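# no sequence for this one, just the structure:
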Ligand code: SF4
C-alpha cells in the first residue's frame, strides 16, 4: 500500500488549482502518474506514448503540462505549443547523465542507446532514439540492434530480452524502489482476499474519470 511515485507525490490538487488561477483558461494536461485528486483538476491525462499527440490535439498555444518537467521539455521540443511545466521528476530517470551515456557509447562501439522522455534533455540528446515504454520496445523489435542500452527502469530490459534473444542488452540498472514493492504474491492476495482497498470520495472519482476518458477518446 505504500508504493508511491516521485512524480505523483510532487504535486497536489491544491497546486493545480493555484496554477489554474495563475494561468486562467490554459488547459491542464497531466501524466497518468498522478493522484486522482490531481486528475480531478486536469482537463486531459496522457501517457509518455501519447503526450505529444494529446497536447497537439488541444489546438491551443499554451498548455499547463504536469508534473514531469523533463517530459514537458520533451513535448515542447516536439510541438509549437508553449508549455508551462512543474518541477516533478522521476527519481529513476533523473539519475542518468550525459557522461554515463557517452562512457557507455565509448566502451560499446556500435551500441544503440534509446532513452525514455522522462530522462534529462541532455541524455535524450546524447541518445539515438527517444520514445515511450512501448516506443522503446517497438524500436528494439523492429531494428534488432546487435547491442542496445535502454535508458529507463532496469526491469524493462529484463522484460523484453526474452522476446529479442539476438539483442545484447547493456543494463545500467536504475531501479524504482516503488515499483519493486509490487509483487505477484501481493497482487494475488489483493485479488483473492480483496486487501488494499482504496476508498475515495465519489466527486473525485467522477471528476478524475473524465480526464482519463478524454485521453482514451483521443487515443495513441
Ligand atoms: S520509475 Fe518509479 S518514480 Fe519513476 S515514474 Fe515510474 S513509478 Fe514513478
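Yep, that arrived. Bear in mind the structure is a predicted one, so any value in this text is a computation, not a measurement.
# C-alpha only now, for contacts and for neighbours.
OK.
# Which strands and helices lie in contact with the longest helix along the chain?
For the chain, the longest helix by residue count, based on DSSP state H, is helix 202-218. Contact here means 3 or more C-alpha pairs under 8 Å, 6 or more residues apart in numbering; DSSP states H and E; on that basis helix 202-218 packs against helix 36-40, strand 44-46, helix 51-57.
# Near the ligand, which residues of the chain are found?
Taking C-alpha under 6 Å from any ligand atom as the contact definition, the chain meets the ligand at 5-7, 90-92, 153, 176, 178-179.
# Quick check: PyMOL command selecting the buried ones in these.
Selection of buried members from these for PyMOL, criterion 16 or more other C-alpha atoms under 10 Å:
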select buried, resi 5+6+7+90+91+92+153+176
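# Now, the residues of the chain next to the ligand that are in helices?
Short answer: these have none in helices (DSSP H).
# Out of the residues of the chain next to the ligand, name the ones that lie in strands.
Members of the residues of the chain next to the ligand lying in strands (criterion: DSSP state E): none.
# Looking at the residues of the chain next to the ligand, which gets the smallest pLDDT?
Here the lowest pLDDT out of these sits on residue 153, with 87.
# hang on, the earlier thing: pLDDT on the longest helix of the chain, on average?
For helix 202-218, the mean pLDDT works out to 97.
# that older thread, between the helices and strands packed on helix 202-218, which one is closest to residue 132.
Counting by C-alpha to C-alpha, residue 132 lies closest to helix 51-57 out of those; the figure is 9.4 Å.
# Show me what the closest one is packed against.
Helix 51-57 packs on helix 69-78, helix 202-218, going by 3+ C-alpha pairs under 8 Å, 6+ apart.
# The spatially most central residue of the chain and residue 19, how far apart?
The residue lying closest to the centre of the chain (C-alpha atoms, centre = their mean) is residue 48, at 4.7 Å. Look at residue 48 and residue 19: by C-alpha to C-alpha, to the nearest Å, they are 22 Å apart.
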